[in-house]
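1. Build the 3D model from these lines:
(one chain, ligands or ions: 1)
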Amino acid sequence: MPFNALGLSPIFNAPLLKNGFTHPTPIQRKVIPLALENKDIIALAQTGSGKTASFVLPILHALSSEPARKKPTLKALVLTPTRELAVQVAEAFSLFGSTLAQPPRVVSIIGGEGLGEQMRLVQQGCDVVVATPGRLLEILQKGQISLHHVKTLVLDEADKMVSLGFTEALESLLHVLPSARQNLLFSASYPPSMQTLARTISETFLWVSEESTPTVEHLIQRAFKVDAHNRGPLLRHLLTTHAWKHVLVFMANKRAADNIAAKFYKHGFNTTSFHGNLSQEERTKTLEAFKNHKVSLLFATDIAARGLDIKGIECVVNFDLPRSTEDYIHRIGRTARAGHGGESITFVTPENHAHFALIQKRCQTAMVLESISGFESTTPNASQPKGQAPLKGKRKSKKDKLREKAKEA
Ligand code: AMP
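-> Got it, this is the predicted structure:
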């Protein structure tokens, strides 16, 4: 996959190639498209993963469409724990930004170097500041820098910043930054202190990690052919015939997750639901309860599909099919983690068997559709729609359907 397939402007092709960046690394593949969509992201990534380019390129991409200016205003702020890292990041901006019509003005604000010179450079105007928190705060307190136009905040090696005691300085900086901004947080680990900080930064973080698709040695993928109305009874049957104690079930939407959790609760299962309508506090509580085995069956929407690292999930069930292959891979990746075994079960109904065939094709897997006695599907498969597949998220309107009918008549 080339870099420009991620949505980046082709102006980066030349500097990328010149620096030997022929293909994006896994973290770049995951972060760049989301960052270009202006999402808030927590990326669990180690040094050496290529994390720098995964935020530098989207920021430069955004800068490339800025109107011509005489004196630039500060639009992106990158905070790093060390001077060395700040310098490296600033170099990456200059390296990849060289082909922009207005190459970005990047200033490093780091301790141990002349304060006066750094203030002078800031006063001249800059697009990007790469800074260590302490020195930036010092300049801010002198009233020598304005953060009011910052659109993107990056915390690079955030866990290290926290462990080095920068939390207070970070909080002071967060106070003066505009609240409408994009937040990109890169961290090698996610200790509780980081979680607290992350919560003060954004409530809508998407999780991204370097993890790859689980390997088949550890994960058994199964699929059951079942009629839609029989999925609940089949799931109850599977849960009672297996000795699973920790099962994550994916549902298509929040309402479905709530409804089925209520039904299973009535049937005596130790269960609840997890989705985006819950407050952050409820989400944290629910996840803690699931992690600590106080809840053994969790019905969740796709917000639980990405990044969640819960140890010991024995089985992931796709009660409803995921919309995309990516989502399928993320969902099943919640089990069989860190060398442990796990199972994924997908319910395939006559209505969605064609969609499932497509997911399998894209994952390059070929599962046998199993049937369980007493739950066999009796409905014929829905015929595959002819012509072009509808765009994801775009249903035909009544007018479209009428127009089609008129054409056929
Ligand atoms: P980082 O994790 O961002 O510090 O990057 C680690 C090293 O990998 C740096 O030397 C980068 O220049 C290099 N690097 C990052 N992304 C790529 C890529 N897509 N292709 C080749 N080298 C890369």
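2. going forward, measure contacts between C-alpha atoms and count neighbours the same way
-> Will do.
3. residues near the nearest residue to Ile27 once chain neighbours are set aside, how many?
-> With sequence-adjacent residues excluded and distances taken as CA to CA, 6 or more residues apart in numbering, Ile27 is closest to Glu210, at 5.4 Å. Here the number of neighbours of Glu210 (other CA atoms under 10 Å) works out to 19.
4. ok, Glu210 - contacts?
-> By CA atoms under 8 Å, 6 or more residues apart in numbering, Glu210 lies in contact with Pro26, Ile27, Leu44, Ala45, Ser49.
5. Those: which ones sit near the ligand?
-> Restricting these to those within reach of the ligand (CA under 6 Å from any ligand atom) leaves Ser49.
6. Can I get the buried part of the contacts of Glu210 as one ChimeraX selection?
-> Buried subset of these, written as a ChimeraX selection, criterion 16 or more other CA atoms under 10 Å:
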select :26,27,44,45
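7. so which of the contacts of Glu210 comes closest to the ligand?
-> Ser49 (4.0 Å; CA to the nearest ligand atom).
8. The closest one is in contact with Pro24, isn't it?
-> No. Counting by CA atoms under 8 Å, Ser49 stays clear of Pro24, with 10.1 Å between them.
9. Going along the chain, name the strands of the chain.
-> 41-44, 76-79, 106-109, 128-131, 152-155, 182-187, 206-209, 219-225, 247-250, 271-274, 297-300, 315-318, 342-348, 369-370 (DSSP state E).
10. Roughly how far does Ala92 sit from Pro133?
-> With distances taken as CA to CA, to the nearest Å, Ala92 is found 19 Å from Pro133.
11. got it, and Val176?
-> Relative to Pro133, and taking CA to CA, Val176 is found at 13 Å.
12. Give me the more crowded residue out of these two.
-> More neighbours surround Pro133 than the other of Val176 and Pro133, with 26 against 12 (other CA under 10 Å).
13. That one touches Phe166, doesn't it?
-> Yes. With contact defined as CA under 8 Å, Pro133 reaches Phe166; the gap is 6.8 Å.
14. which residues do those two both contact?
-> By CA under 8 Å, 6+ apart, the residues touching both Pro133 and Phe166 are Pro81.
15. What parts of this protein come near the ligand?
-> Proximity of the chain to the ligand, by CA under 6 Å from any ligand atom, involves residues 20-25, 47-53.
16. Where does the record place the domain boundaries for this protein?
-> Domain segmentation of the chain under automatic domain parsing yields 3-209, 214-370.
17. Give me the below-cutoff pLDDT ranges for this protein.
-> For the chain, the stretches with pLDDT under 70 are 47, 211-218, 306-309, 337-340, 364, 383-409.
18. returning to that earlier point: dump the domains of the chain to CSV, plus distance to Pro380.
-> Shown next, in CSV, are the domains of the chain (distance: least, CA to CA, whole Å):
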stretch, distance to Pro380
domain 3-209, 38
domain 214-370, 6
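19. For Leu226, grab the count of nearby residues.
-> Not Leu; residue 226 is Val. Other residues close to Val226 by other CA under 10 Å number 23.
20. residue contacts, it?
-> Here Val226 is in contact with Phe347, Val348, Thr349, Pro350, Ser371, Phe375, Glu376, Ser377 (CA under 8 Å, 6+ apart).
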